[in-house]
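In: Here's a sequence, model it:
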Amino acid sequence: MLNDNDYESVLLIVRECYVYKLPPRTRTAGYRAADWNVEEPLWKGRLRVMASTEKCVIRLEDNQTGELFAACNYDKTGSSVEPVLDSSRYFVLKIEDEAGRHAYIGLGFLDRTESFDFNVALQDFKRQGTNEEEEKAKVEAPKVDYSLKEGQTISINIGGLGKKPRPKPNTSAGQAGGAFPFLPPPPGGQRK
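Out: Below you'll find the model as predicted:
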């Protein structure tokens, strides 16, 4: 439920995405889209990423009616959305109901740009929360007074002002004292 001064914004709308039934997880490293039956999706519709200041919800909705198929509450730890190991277009979403039961479904996009935009929207939400936490920490931090109190003085000692500069030894152009000695001018030719 939203607070009085809280608002909900749409971070991303993808017009066409696919949901897949996942086979049992066989490896601890993660999911692979090659193990899914990507030719036969379980569902097809649109995806909306909705965010408020406190939470972010990934909503899978029907294109025509807007009926909700599934919703994934995205947490800032990233445990509710997991990219697959073998493709940048597929993800695994953790869908959880009010009773706390959860299921994992596969999410796929037609285009890599859509999956990139999906990643960026989730990162924007993470960054937004991080910025708000930093602002709260700044407000809560005590102010430090760096001003001089009455009777306090500052003395600055800048060394080398009273000394005369040392004369530099003269080096002529013909001597090989420098790193790059001067070369004699090229022989002049007469022009006609």
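
In: going forward, measure contacts between C-alpha atoms and count neighbours the same way
Out: Will do.

In: how about the helices in the protein?
Out: Assigned by DSSP state H, the helices in the chain fall at 112-140.

In: And the pLDDT for F118?
Out: According to the prediction, F118 has pLDDT 95.

In: wouldn't it be in contact with C17 here?
Out: No. Checked against Cα atoms under 8 Å, the pair F118 and C17 is beyond contact range at 11.1 Å.

In: Let me see the confidence value for the residue lying closest to R112 once chain neighbours are set aside.
Out: Computed as Cα to Cα, 6 or more residues apart in numbering, the closest residue to R112 that is not its neighbour in sequence is R89, at 5.5 Å. On pLDDT, R89 comes in at 95.

In: Just to check, R89 is in contact with F118?
Out: No. In this structure, R89 is not within contact of F118 by Cα under 8 Å, at 9.7 Å.

In: Tell me which of those two has more neighbours.
Out: Just comparing R89 and F118: by other Cα atoms under 10 Å the higher neighbour count belongs to F118, 22 against 19.

In: Residue ranges in the protein under the pLDDT threshold?
Out: The model of the chain has pLDDT under 70 over residues 1-5, 129-139, 141, 161-167, 169-180, 189-192.

In: Adjacent strands (with direction) for the biggest strand by length in it?
Out: Across the chain, the longest stretch assigned as strand under DSSP state E is strand 9-21. Here strand 9-21 has these sheet partners by DSSP bridges: strand 43-51 (antiparallel), strand 102-109 (antiparallel).

In: What residues sit buried inside that strand?
Out: For strand 9-21, burial by neighbour count (16 or more other Cα atoms under 10 Å) applies to 11-14, 16-21.

In: Residues contacting it, please?
Out: 36-38, 40-52, 63, 105-110, 114, 117-118, 121 (Cα atoms under 8 Å, 6 or more residues apart in numbering).

In: Now, of these, which are buried?
Out: 38, 41, 44-52, 105-109, 114, 118, 121.

In: What's the separation between the closest residue to D35 other than its chain neighbours and I105?
Out: Nearest residue to D35, sequence neighbours excluded (Cα to Cα, 6+ apart): P23, at 7.3 Å. Distance, P23 to I105, by Cα to Cα, to the nearest Å: 10 Å.

In: Please apply the same query to G66.
Out: 20 Å.

In: Check S147 too.
Out: Distance from S147 to I105, by Cα to Cα: 60 Å.

In: Spatially central residue for this structure, please.
Out: Q123 (5.3 Å; Cα atoms, centre = their mean).

In: List the contacts of that one.
Out: Q123 neighbours (Cα under 8 Å, 6+ apart): none.

In: I'd like the distance between it and L11.
Out: 11 Å.

In: Then E54?
Out: Taken as Cα to Cα, the span from E54 to L11 is 14 Å.

In: for T77, same thing?
Out: From T77 to L11 the distance is 18 Å (Cα to Cα).
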